[in-house]
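Okay, structure incoming, though there's no sequence with it:
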Ligand SMILES: *Cc1c(COP(=O)(O)O)cnc(C)c1O
């Protein structure tokens, strides 16, 4: 039985998985229409010549850009494609005219590889305080801090790679803009997953996770009136992949984005309710956090290698989840966690199977 009323529709439009696939935060499962769009374009490139095949699709590409831009709160002319979210961030930091000694404030859920990008450029990075143990940014503290000092920009992972916590980006943007500070948002985990129209100045993300588009396509949108226009798009491109992402976005919009977000939040709730306390694993999100990502802290005394072994054991039982090691969120934890990220087609039996497996793995 599907957890969501959208489960059957989502499942019918793609192949049945060979595993219990609870790993959309790593990569979602593309639909038959997405795969068909990609392969059709690859065939056309061979038949017509790649550049002509791309010209033939100019209107689709323009429409796809409008759709994706509207999903993330920007206009089509502000949107550019790169190969990944990380490539998008790198391009932004390369072309953005930032001062020599740049200061950036981040939330504690900041993605480790993003911190590496900041540190490599010599940025001074300052973590914002949390408002609660779940790890939401303390927006009152932020407002206070900004009265005394303004960073060059604030960078927020809307959802990080090691937690299902959704940062209050809309509120952060309001507060930052009142102080004249631009906000950059990493939407790698939220595009197609939670509402992403936030008013932020720059947003970027990736195709392959919750949008269930292909791998190898990322995007970035830079608000025209906020920054000097920057030329970010790579000239060489996986055009078929971009068309595949366009199809994936149109499927989400076809269902209704708000409906997708609502159902994914309900799935997160059902997952947390089902898993909390099983075999002494601990769910780290509040039960009603509006996301479909659940992270589980291992029983007391477990080492990171034990969590990796648990993930391997689950995979041997046909259950795919992520072992999230601390490099993903180094400001938060040194522990490894299991990250469970079902998409719309998750079934109650999938969660039962995971719960049973976890129970037998508790010490
Ligand atoms: C996956 C992820 C990224 C990186 O995305 P790529 O497309 O692999 O570069 C960045 N930030 C967060 C929070 C992520 O989860």
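Cool, got the structure. These numbers come from a predicted model, not from an experiment.

For the rest of this, base every contact and every neighbour count on C-alpha atoms.
OK.

The residue nearest to the spatial centre of the chain and the ligand, how far apart?
By Cα atoms, centre = their mean, the mean C-alpha position of the chain lies nearest to residue 189, the distance being 1.1 Å. Distance, residue 189 to the ligand, by Cα to the nearest ligand atom, to the nearest Å: 5 Å.

ok so that residue is a helix residue?
No. Under DSSP: H, G, I helix; E, B strand; the rest coil, residue 189 falls outside any helix and is assigned coil.

Would you list the phi and psi of it?
phi -100, psi 0 (degrees, to the nearest 10).

distance of the residue lying closest to it once chain neighbours are set aside from residue 281?
Once flanking residues are discounted, residue 189 sits nearest to residue 159: 5.5 Å by Cα to Cα, 6 or more residues apart in numbering. According to Cα to Cα, to the nearest Å, residue 159 stands 22 Å off from residue 281.

cool, and residue 182?
39 Å.

So which other helices or strands are in contact with the longest helix along the chain?
Identified as the longest helix of the chain according to DSSP state H is helix 257-275. Counting contacts by 3 or more Cα pairs under 8 Å, 6 or more residues apart in numbering; DSSP states H and E, helix 257-275 is packed against strand 294-297, helix 348-361.

For the stretch 151-300 of the chain, which segments count as strands?
All strands of the stretch 151-300 of the chain, identified by DSSP state E, counting those that start in this stretch, fall at 153-157, 183-186, 202-206, 218-222, 282-283, 294-297.

Return the most buried member of these.
strand 202-206 (a mean of 29; mean count of other Cα atoms under 10 Å).

Give me the phi and psi for residue 338.
Torsion angles, degrees, to the nearest 10, at residue 338: phi -100, psi 130.

so residue 13 makes contact with residue 31?
Yes. Contact status for residue 13 versus residue 31: in contact at 5.5 Å, counting by Cα atoms under 8 Å.

what about these two, which has more around it?
residue 31 (22 against 14; other Cα atoms under 10 Å).

Name the nearest residue to the more buried one, sequence neighbours excluded.
Among residues not flanking residue 31 along the chain, residue 14 sits closest, at 4.3 Å (Cα to Cα, 6+ apart).

The one you found - how many residues pack around it?
Residue 14: 16 neighbours (other Cα under 10 Å).

and if you look at residue 5?
For residue 5, using other Cα under 10 Å, the count is 12.

can you give me the helices in the stretch 1-150 of the chain?
With DSSP state H, counting those that start in this stretch, the ranges of helices along the stretch 1-150 of the chain come out as 7-12, 32-48, 50-56, 58-71, 85-95, 112-120, 139-148.

Pick the most buried one from the ones you listed.
helix 85-95 (a mean of 19).

ok, and what's touching stretch 316-326?
Where contact means Cα atoms under 8 Å, 6 or more residues apart in numbering, the residues beyond stretch 316-326 that reach it are 18-23, 26, 161-162, 304, 307-308, 311, 314-315, 332-341, 354.

Mark which of these are buried, thanks.
20-23, 26, 161-162, 304, 307-308, 311, 314-315, 332, 335-341, 354 (16 or more other Cα atoms under 10 Å).

Looking at the stretch 251-363 of the chain, which residue is nearest the ligand?
residue 328 (8.0 Å; Cα to the nearest ligand atom).

can you pull the contacts of that residue?
Residue 328 sits in contact with 110, 111, 112, 113, 160, 161, 162, where contact means Cα under 8 Å, 6+ apart.

and the two most separated of these?
113 and 162 (12.6 Å; Cα to Cα).

ok so, going back, mind checking which of residue 159 and residue 281 has more residues around it?
residue 159 (28 against 22).

residues contacting the more buried one?
Per Cα under 8 Å, 6+ apart, neighbours of residue 159: 109, 165, 166, 167, 186, 187, 188, 189, 190.

Can you add mean pLDDT and distance to residue 103 and give the strands of the stretch 151-300 of the chain back as TSV?
Shown next, in TSV, are the strands of the stretch 151-300 of the chain (pLDDT from 0 to 100; distance: least, Cα to Cα, whole Å):
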stretch	mean pLDDT	distance to residue 103
strand 153-157	98	7
strand 183-186	98	12
strand 202-206	97	16
strand 218-222	96	19
strand 282-283	96	34
strand 294-297	97	31
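
got those strands as CSV, with distance to residue 132 columns?
CSV is the format used below for these (distance: least, Cα to Cα, whole Å):
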stretch, distance to residue 132
strand 153-157, 17
strand 183-186, 21
strand 202-206, 25
strand 218-222, 30
strand 282-283, 15
strand 294-297, 17
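
Which among the ones you listed is found nearest to the ligand?
Counting by Cα to the nearest ligand atom, the ligand lies closest to strand 202-206 out of the strands of the stretch 151-300 of the chain; the figure is 4.7 Å.

what stretches of this structure score poorly on pLDDT?
Applying pLDDT under 70 to the chain flags residues 226-230, 362-363.

Could you list the domains of it?
According to automatic domain parsing, the chain comprises the domains 5-22+256-360, 33-255.

quick revisit: and of the helices and strands packed on helix 257-275, who's closest to residue 63?
strand 294-297 (34.0 Å).

so what does that closest one touch, helix or strand wise?
helix 257-275, strand 282-283, strand 337-340.

This protein against the ligand: which residues are in contact?
84-86, 111, 157, 159-161, 186, 188-189, 206, 218 (Cα under 6 Å from any ligand atom).

Please dump those into JSON lines; it should also carry distance to residue 130 for every row.
Listed next are these as JSON lines, based on distance: Cα to Cα, whole Å:
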{"residue": "84", "distance to residue 130": "28"}
{"residue": "85", "distance to residue 130": "25"}
{"residue": "86", "distance to residue 130": "25"}
{"residue": "111", "distance to residue 130": "16"}
{"residue": "157", "distance to residue 130": "14"}
{"residue": "159", "distance to residue 130": "14"}
{"residue": "160", "distance to residue 130": "14"}
{"residue": "161", "distance to residue 130": "17"}
{"residue": "186", "distance to residue 130": "18"}
{"residue": "188", "distance to residue 130": "21"}
{"residue": "189", "distance to residue 130": "20"}
{"residue": "206", "distance to residue 130": "26"}
{"residue": "218", "distance to residue 130": "29"}
